[in-house]
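**Student:** Coordinates only, no sequence provided:
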Ligand code: UD1
Ligand code: MG
């Protein structure tokens, strides 16, 4: 909405005891991002859009997580958990700075969209003091019920305080609200705690608005968008909804998926054109897949970039820091980590390539391992362009294999190998040297080696 400034306050001070976890509730992931990150991602952003997060007293990790997504987010600590209205007032200093629209959202409602925030802001332009996001709950138990008279919202009744007739109402409070920013503080400060739980309910803002002779309205949305996460079962339901959305978006963008219901995506997965993903693939956060690449079945990919027309799997594991150049091929039972594999590199079978740089068109034979860890530190392996590493070789890092070098099968390489050199393990040297010589002869005949 152009022209109007906003402050969004995201409430995340809850302990989340029903998650039965040592981790704060809002940091649990859906589609590879924390619940909080999803909410912050949907909240208004850009010039004139301020953001505050209300956290519990022992939750610095929540403030840090918020800052990672929105560096401009300001965290406020709610010392005592006295209810949602009390939590909003923890961010009083941010409110005092003044904004046209004050939005309140919950950190445990990850499926909310940016468009819904904007829909909720629209009535404020037309003079409403408060707009409440409502939905028709299949089972409204536990939600605040919206009491309406005609078009007008007159009150929200929390479950514990509702009469049997009120409990039959399905129209429920999603928890997201938009206030006229000039009146918000006055409204929220008037909220008392005269209810069965002795809590300051933000939902009572509706009754206050009515007392002040102002107008409150409901904006409706689907239940799927406002599912609150309180338990692991609800977390799994939210994951299901989110995966369905992400798969649909990928299909709409032209990604080919043979069995989309078996493919797990992350909220930030990026696709080029003509990407194919076979069944049973898991993609974690931070993955980009360029044009024409194919991800074969049973591959697991996290924080990796995959070049154009690259081929991954089946049964490949690309761990964080993997970068595959155009046309690179990663075959079955290959694991990579913190590894750059330039264009045309082949690692087709049963290998571990970690903390490594592999030059263009190098061929890494089956069973090759970069021995990157000496029990204390990680070390780097560099493999030059066009090198040929024979099967079952161990490259003991730190080590450099020169461009075009040939490593005989079964070698244990502990010293750097110069460009175009032949290197073999000491035992059975004669055999291996024979193989190396044949390779060199073939190479001089300018016949490119076949893939390993
Ligand atoms: C709340 C609403 C209810 C609505 C439902 C939608 C109130 C009183 N009730 O109920 O009308 O239907 O959400 O999911 O608002 N929080 C704090 N500090 C507090 C209390 C809560 O930060 O002192 C945060 C929680 O971390 C959570 C959010 O506010 O993110 C909502 O609190 P929760 O206890 O889950 O409220 P519900 O009982 O679900
Ligand atoms: Mg809740």
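**Tutor:** Good, I have the coordinates. Everything quoted here is computed from the prediction, not taken from an experiment. Numbers count the residues shown, from 1 in each chain. Ligands and ions are numbered 1, 2, ... in the order given.
**Student:** Contacts for stretch 151-171, please.
**Tutor:** Identification of contacts with stretch 151-171 by CB atoms under 8 Å, 6 or more residues apart in numbering yields 130, 132, 134-138, 140-148, 173, 195-197, 201, 203-204, 206-207, 210, 215-218, 220. Heads up, the C-betas are built off the backbone N, CA and C, glycines and all.
**Student:** next one: stretch 208-220
**Tutor:** 116, 119-120, 122-123, 127-136, 146, 148, 151-155, 171, 180, 183, 186-188, 190-191, 205-206.
**Student:** Briefly note if that stretch comes near ligand 1.
**Tutor:** No: for stretch 208-220 and ligand 1, the contact criterion (CB under 6 Å from any ligand atom) is not met; the two come no nearer than 12.5 Å.
**Student:** could you give the mean pLDDT of that stretch?
**Tutor:** Regarding stretch 208-220, the rounded mean pLDDT is 97.
**Student:** Helices of this structure, start to end?
**Tutor:** 35-42, 60-69, 84-89, 92-96, 114-125, 164-167, 184-189, 205-211, 232-252, 429-444 (DSSP state H).
**Student:** how about TSV for the ones you listed, with mean neighbour count added?
**Tutor:** Output for those, formatted as TSV (neighbours: other CB atoms under 10 Å):
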stretch	mean neighbour count
helix 35-42	24
helix 60-69	18
helix 84-89	24
helix 92-96	14
helix 114-125	18
helix 164-167	10
helix 184-189	19
helix 205-211	21
helix 232-252	16
helix 429-444	14
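**Student:** Is residue 381 bridged to anything, and to what?
**Tutor:** On the basis of DSSP bridges, residue 381 is bridged to residue 356, residue 399.
**Student:** so it makes contact with residue 393?
**Tutor:** No: here residue 381 does not reach residue 393: they are 11.0 Å apart, not a contact under CB atoms under 8 Å.
**Student:** just for the stretch 101-250 of the chain, where's the confidence low?
**Tutor:** Within the stretch 101-250 of the chain, no stretch has pLDDT under 70.
**Student:** which parts of it sit against ligand 1?
**Tutor:** Counting by CB under 6 Å from any ligand atom, the stretch 101-250 of the chain sits next to ligand 1 at 106-108, 143-144, 156, 158, 172-175, 201-203, 228.
**Student:** hmm, 5 Å instead?
**Tutor:** Within the stretch 101-250 of the chain, the positions adjacent to ligand 1 are 106-108, 143-144, 173, 175, 201-203, 228 by CB under 5 Å from any ligand atom.
**Student:** can you pick the most crowded of those residues?
**Tutor:** residue 107 (30 neighbours; other CB atoms under 10 Å).
**Student:** Tell me the bridge partners for the residue nearest to it when sequence neighbours are not counted.
**Tutor:** Closest residue to residue 107 apart from its sequence neighbours, by CB to CB, 6 or more residues apart in numbering: residue 12 at 3.2 Å. Following DSSP bridges, residue 12 is listed with bridge partners residue 55.
**Student:** From ligand 1, how far out is residue 12?
**Tutor:** Distance of residue 12 to ligand 1, given as CB to the nearest ligand atom, to the nearest Å: 5 Å.
**Student:** Contact partners for that residue?
**Tutor:** Residues in contact with residue 12 (CB under 8 Å, 6+ apart) are 24-26, 36, 53-56, 59, 62, 66, 106-108.
**Student:** swap in residue 113?
**Tutor:** Taking CB under 8 Å, 6+ apart, we find residue 113 in contact with 42, 225.
**Student:** ok, it to ligand 1 distance?
**Tutor:** 16 Å.
**Student:** can you start the count at 232 instead of 1 from here on
**Tutor:** That works, and once the first residue is 232, the last one we named lands at residue 344.
**Student:** quick one, longest strand in this protein?
**Tutor:** Looking across the chain with DSSP state E, the single longest strand is strand 402-411.
**Student:** Okay, buried residues for that one please.
**Tutor:** For strand 402-411, burial by neighbour count (16 or more other CB atoms under 10 Å) applies to 402-411.
**Student:** ok, back up a step: quick one: which of the residues of the stretch 332-481 of the chain next to ligand 1 sit in strands?
**Tutor:** Going by DSSP E, the strands hold 337, 404, 406 from these.
**Student:** got a markdown table for those residues, with distance to residue 310 too?
**Tutor:** What follows is these, written out as a markdown table (distance: CB to CB, whole Å):
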| residue | distance to residue 310 |
| --- | --- |
| 337 | 19 |
| 404 | 25 |
| 406 | 22 |
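**Student:** wouldn't residue 363 be in contact with residue 404 here?
**Tutor:** Yes: at 6.3 Å, residue 363 counts as touching residue 404 under the criterion of CB under 8 Å.
**Student:** where does the closest residue to ligand 1 within the stretch 482-631 of the chain fall, phi/psi-wise?
**Tutor:** Closest contact between the stretch 482-631 of the chain and ligand 1, by CB to the nearest ligand atom, is at residue 498 (19.5 Å). Residue 498 has phi and psi values of phi -60, psi -20 when expressed as degrees, to the nearest 10.
**Student:** I'd like the distance between it and residue 480.
**Tutor:** The gap separating residue 498 from residue 480 is 10 Å, by CB to CB, to the nearest Å.
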